[in-house]
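Trainee: The following block contains a protein sequence and its predicted model.
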Amino acid sequence: MTDFLMGAAVGLATGVLTGAGVGGGTLLLLYLTAAAGVGQSQAQGVNLLYFVAAAPPALISHWKNHRIAARAAVWAALSGCAAAAAGSLLSQAAGDALLRRLFGALIILIGLRELLSAGKSGKK
């Protein structure tokens, strides 16, 4: 029961963060792989399903606030679907060990980029 409550709390927190544009999906992946012991490819699948549920409310909100260019959104959706299908096939072929390393490297690179760019743009 405690595992369920923790999972529900993490899901709620990452949902709120996703809606705010913080990148809750990345945090969900970290929780699933580091704390819940889920394999990397399975965690990425859960994250994709999670995104399918979290994206529509954000899309509706952005559409109402006129923050979406319809023509660009169509092209982004089409290319995103094609890239997701290709990525899914590649991730299945790569296996969990390589996916963990690649995801870790991505997180480190993003963190370094944020640290190095913080002084240049005046943010943080």
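Mentor: Looks like it came in fine. Residues are numbered from 1 along each chain as shown.

Trainee: For G37, see how far away the most centrally placed residue in the chain is.
Mentor: Centrality entry for the chain: nearest residue to the mean C-alpha point is G25, 3.2 Å, by Cα atoms, centre = their mean. In this view, G25 and G37 are 19 Å apart by Cβ to Cβ, to the nearest Å. All C-beta atoms are positioned from the backbone trio N, CA, C, and that covers glycine.

Trainee: So which other helices or strands are in contact with the helix or strand in which the residue nearest to the centre of the chain is found?
Mentor: Assigned by DSSP states H and E, G25 falls within helix 24-30. Using 3 or more Cβ pairs under 8 Å, 6 or more residues apart in numbering; DSSP states H and E as the contact test, the elements touching helix 24-30 are helix 2-19, helix 40-64, helix 96-121.

Trainee: pLDDT score for the nearest residue to L30 once chain neighbours are set aside?
Mentor: Of all residues not flanking L30 in the chain, I107 sits nearest, at 7.9 Å (Cβ to Cβ, 6 or more residues apart in numbering). pLDDT for I107: 89.
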